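S.K.: with the sequence up front, the predicted model follows.
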Amino acid sequence: LIIFGWRLNSVPLTNWDEGIYANVNLELFRSHDWSKLTYFGADFLEKPPLQFWLTSVLFGILGPTELAVRLLPALAGVATALLLARWAWQAARQQWTALAAGIVFLLGRFALVHAFRTGDLDGLLTFFTTLALYGYWRSWTAPRWIIVWGVASAAAVMTKSLVGLLPLIIV
């Protein structure tokens, strides 16, 4: 939580994707029309709506701030690190392996700088992709986990369209 959440609201929106997505979130929040996304009033069809819907809920709770824009990806980073550590523990049954998996993930520049500390879509996509693959792996011994694979795969597609098909392609 400290790594991904430290001072999320202390820096203005920095890259153009983050600014565009924040504006789409703001327009969704103000319009209350969850059936379409807009950017400066024009239809925004470039990305699927899941992260925008969730961030709009955060706008209602925290207000339209940098923190609200970045909180969901930060929480996805925490969840991904914990999921990778759990997966490593279940696969190897060694504490150091689980710890190493979480630490290696946290030390990655992609994870720390881009995906989980900005309002971009990559953090949530990474979490859903990891969860889908974990669910598929678990389904080898507990078939009900195939539901987690399916729901997480669908959420990945609803986060970043074709790139969200990665769990399906990998499996």
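M.R.: Now that the structure is in, tell me what you want to look at. Residues are numbered from 1 along each chain as shown.
S.K.: report the contact partners of Phe44.
M.R.: For Phe44, the contacting residues are 24, 37-38, by C-beta atoms under 8 Å, 6 or more residues apart in numbering. Every residue, glycine included, has its C-beta placed from N, CA and C.
S.K.: measure how buried Phe38 is and give me the count.
M.R.: Wrong residue type there; residue 38 is Thr, not Phe. 16 (other C-beta atoms under 10 Å).
S.K.: am I right that it is in contact with Glu27?
M.R.: Yes: under the criterion of C-beta atoms under 8 Å, Thr38 makes contact with Glu27 at 4.9 Å.
S.K.: follow-up on the earlier one: dump the contacts of Phe44 into TSV; add pLDDT and secondary structure as well.
M.R.: Below are those laid out as TSV (pLDDT from 0 to 100; DSSP: H, G, I helix; E, B strand; the rest coil):
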residue	pLDDT	secondary structure
Val24	96	helix
Leu37	97	coil
Thr38	97	strand
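S.K.: how about the residues you listed in TSV, adding distance to Tyr136?
M.R.: Converted to TSV, these look like this (distance: C-beta to C-beta, whole Å):
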residue	distance to Tyr136
Val24	32
Leu37	30
Thr38	36
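S.K.: looking at these, which is nearest Leu107?
M.R.: When the contacts of Phe44 are compared for distance to Leu107 (C-beta to C-beta), Val24 wins out at 31.4 Å.
S.K.: got the contact list for the closest one?
M.R.: 37-39, 44, 52.
S.K.: could you list the low-confidence segments of the chain?
M.R.: Residue ranges of the chain with pLDDT under 70: 2, 5-6, 109-113.
S.K.: can you do 90?
M.R.: Where the chain drops to pLDDT under 90, the residues are 1-19, 77-78, 81, 93-99, 101-120.
S.K.: now the helix ranked longest in it: buried residues?
M.R.: Ranked by residue count under DSSP state H, the longest helix found in the chain is helix 66-92. Neighbour-count burial for helix 66-92, counted by 16 or more other C-beta atoms under 10 Å, picks out 66-81, 83-85, 87-89.
S.K.: which helices and strands sit right next to whichever helix or strand comes after that helix?
M.R.: Later in the chain than helix 66-92, the nearest helix or strand by DSSP states H and E is helix 95-107. Identification of packing neighbours for helix 95-107 by 3 or more C-beta pairs under 8 Å, 6 or more residues apart in numbering; DSSP states H and E yields helix 66-92.
S.K.: for the chain, which segments are assigned as strands?
M.R.: Per DSSP state E, the chain carries strands over the ranges 38-39, 42-43.
S.K.: same list, these, but as CSV with distance to Gly119 please.
M.R.: Shown next, in CSV, are the strands of the chain (distance: least, C-beta to C-beta, whole Å):
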stretch, distance to Gly119
strand 38-39, 14
strand 42-43, 20
